[in-house]
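**Student:** Quick one: sequence and predicted model below, then my questions.
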Amino acid sequence: MPELPEVEVSRRGIEPHLLQRRITGLIVRDARLRWPVPDAAQAVVGETIIAVERRAKYLLIQTTGGYLIVHLGMSGKLRVVPADTLVVKHDHIDLVLDSGQVLRFNDPRRFGCWLYSAEDPQQAHPLLAELGPEPLTDGFDSDYLFNASRGRQQAVKTFLMDNHVVVGVGNIYANEALFKAGINPKRAAGKVSKARYEKLVPVIKATLAEAIRQGGTTLQDFTQADGQPGYFKQQLMVYGRGGKQCMQCKARLKEIRLGQRSTVYCTFCQR
């Protein structure tokens, strides 16, 4: 599933093509996504796009009259293509622009979503209103994370992946950040010291920022808006490397399941 860096890379890829463009049509070939595409989404037709933002893993296309809320799900891809580009299987939605281009959404598994909100969804929509801070903002710091962790018995890795705590630190980047910070992913979040959170938070920020710079991580489905893969996969130190040698100490990396997700760590480097 695309994580925060991949969604941010997609946002940056489509934004220049969408800003200040008037929407001339919304073509829904198959409304059966994770949630049905509402008829109300047609309200954006005739409106002008004034912002393309991201909140957690949601893309928010703001128009002069409302917002489209887009989630890539597990396999969704967004491309900006000429309007006469041949439609292929799983091309479910076209947002038609006055430039002669369309924002095309392809989603083989149909776990993505296109929703509509007349008001700012960050304040009004139930999917976004209760989310935690963005990890790349000043609101996410070691004081915040340490205080949020007190009394928590859950594993620190699943704690980091809780969108009510902080958004966008998905499985790949939680694995990588905990390795770089030397923290065992199984350790109870409430037992991690303030000093270790002071080390972890900058590592999370740096890991996510570098993944964005590298165009995200392509493991299976994700590609950038221009069709290119993300190159951060080449820098993964633990994720997907269970049973292989630790790049630091050469011990064998251990793979377990935490919160139903694959978790890889070094029993020597991470305490």
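**Tutor:** Structure's in. What do you need?
**Student:** residues touching A251, list them.
**Tutor:** 245, 266-269 (CB atoms under 8 Å, 6 or more residues apart in numbering). Heads up, the C-betas are built off the backbone N, CA and C, glycines and all.
**Student:** Quick check: of those, which has the highest neighbour count?
**Tutor:** Of all the contacts of A251, C266 has the most neighbours under the rule other CB atoms under 10 Å, reaching 23 neighbours.
**Student:** Name the spans of this protein whose pLDDT lies under the cut-off.
**Tutor:** Within the chain, the segments meeting pLDDT under 70 span 1, 216-234.
**Student:** how does it look with 90?
**Tutor:** 1-6, 124, 170, 210-236, 239-240, 259 (pLDDT under 90).
**Student:** From the contact counts, what lies against the longest helix along it?
**Tutor:** Across the chain, the longest stretch assigned as helix under DSSP state H is helix 194-213. Packing partners of helix 194-213 (3 or more CB pairs under 8 Å, 6 or more residues apart in numbering; DSSP states H and E): helix 4-18, helix 142-149, helix 171-181.
**Student:** Rebuild the contacts of A251 as a markdown table, extending it with secondary structure and distance to A41.
**Tutor:** Formatted as a markdown table, the contacts of A251 follow (DSSP: H, G, I helix; E, B strand; the rest coil; distance: CB to CB, whole Å):
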| residue | secondary structure | distance to A41 |
| --- | --- | --- |
| Q245 | strand | 50 |
| C266 | coil | 47 |
| T267 | coil | 50 |
| F268 | coil | 52 |
| C269 | coil | 48 |
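**Student:** okay, those residues in a markdown table with distance to H17 next?
**Tutor:** What follows is the contacts of A251, written out as a markdown table (distance: CB to CB, whole Å):
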| residue | distance to H17 |
| --- | --- |
| Q245 | 44 |
| C266 | 43 |
| T267 | 47 |
| F268 | 48 |
| C269 | 44 |
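**Student:** Among those residues, which pair sits farthest apart?
**Tutor:** Q245 and T267 (12.8 Å; CB to CB).
**Student:** Figure out which of the helices and strands packed on helix 194-213 is closest to R104.
**Tutor:** Judging the helices and strands packed on helix 194-213 by CB to CB, what sits closest to R104 is helix 4-18, at 10.2 Å.
**Student:** for the closest one, packing partners?
**Tutor:** Secondary elements touching helix 4-18 (3+ CB pairs under 8 Å, 6+ apart): strand 49-55, strand 58-63, strand 77-82, strand 101-106, helix 194-213.
**Student:** V37 is nearest to which of these?
**Tutor:** With CB to CB, the closest approach to V37 among these belongs to strand 101-106: 9.8 Å.
**Student:** Which positions in stretch 57-65 come out as buried?
**Tutor:** Of all the residues in stretch 57-65, those buried under the rule 16 or more other CB atoms under 10 Å are 57-63.
**Student:** can you check stretch 107-122 too?
**Tutor:** In stretch 107-122, counting by 16+ other CB under 10 Å, buried: 107, 110, 112-117, 121-122.
**Student:** check contacts around the nearest residue to L200 once chain neighbours are set aside.
**Tutor:** Nearest non-adjacent residue to L200, counting by CB to CB, 6 or more residues apart in numbering: A181, 4.3 Å away. Listed by CB under 8 Å, 6+ apart, the contact partners of A181 are 196, 199-200, 203.
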